[in-house]
Each structure stands twice: as structure tokens, then as C-alpha cells.
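>>> My questions are about this predicted structure, shown below with the sequence.
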Amino acid sequence: MARRTPIDNEPVRIVPYDASWPARFEAEKTLLRGAIGRWVTGGIHHVGSTAVPGLAAKPVIDILVGVEDLPSSRGCFAELEKLGYHYAPYRHRG
């Protein structure tokens, strides 16, 4: 799921490292834990380029949430929608 933000319609851009990224992740982690904590089995992790101190990156905080499996975690989708996330399933082009 991805949280909708104003940058959804912007071209991809790389910006210098922002020291606020770790704190922004921690704030989002707190929201996520409160909303979907009962589905989380493998932690909530800051991943991607914004998680690397000093690295220029796209200004998007990537978050990985460990769950038991997709079928049993579908129940959290409604809770995530309340936070502004939307489900965008991967579609294989075979």
C-alpha cells in the first residue's frame, strides 16, 4: 500500500539528504503500529534510500511491514485507508 501525497503527480526528483527523514519515519511507524499493530509479525522498518544517512534520495519514506502472509493481513487494508494509504496490487505483465 502507498500513502497518497502531493508528490504523486510530480516528476521523479532526487534531493539532498534530509535529516528529518528518520523522525518522519518514526512518526509514521507510530501511526502504523496503532492502526495495524495486531497484523504486524515482522516489525515496521524504514527501508530504501531515505533510510541511508547522508544519501541523496527521492523524498519518499519507504516502509516495510512484516506480516504473516497477504491473505491473513488483508483485514488491515481498511485501517490503512483511514491513514491515507491505498492498495495498489502488483500486476505481472506476462
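All right, it came through fine. Numbering: from 1, shown residues only.

>>> now the strands: where do they sit in the protein?
Counting by DSSP state E, one finds strands in the chain at the ranges 2-3, 40-47, 62-67, 85-86.

>>> right, so of the ones you listed, which gets closest to residue 76?
Distance to residue 76, taken as CB to CB, is lowest for strand 62-67 among the strands of the chain, at 7.7 Å. Glycine gets a C-beta too; all of them are placed from N, C-alpha and C.

>>> Of all the strands of the chain, which one comes closest to residue 17?
Shortest separation from residue 17 across the strands of the chain is recorded for strand 40-47, at 13.5 Å, computed as CB to CB.

>>> before we move on, the earlier item: how about TSV for the strands of the chain, with mean pLDDT and distance to residue 55 added?
Converted to TSV, the strands of the chain look like this (pLDDT from 0 to 100; distance: least, CB to CB, whole Å):
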stretch	mean pLDDT	distance to residue 55
strand 2-3	64	21
strand 40-47	98	13
strand 62-67	97	13
strand 85-86	92	25
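
>>> For this structure, give me the ranges with low pLDDT.
In the prediction, the chain carries residues with pLDDT under 70 at positions 1-10, 92-94.
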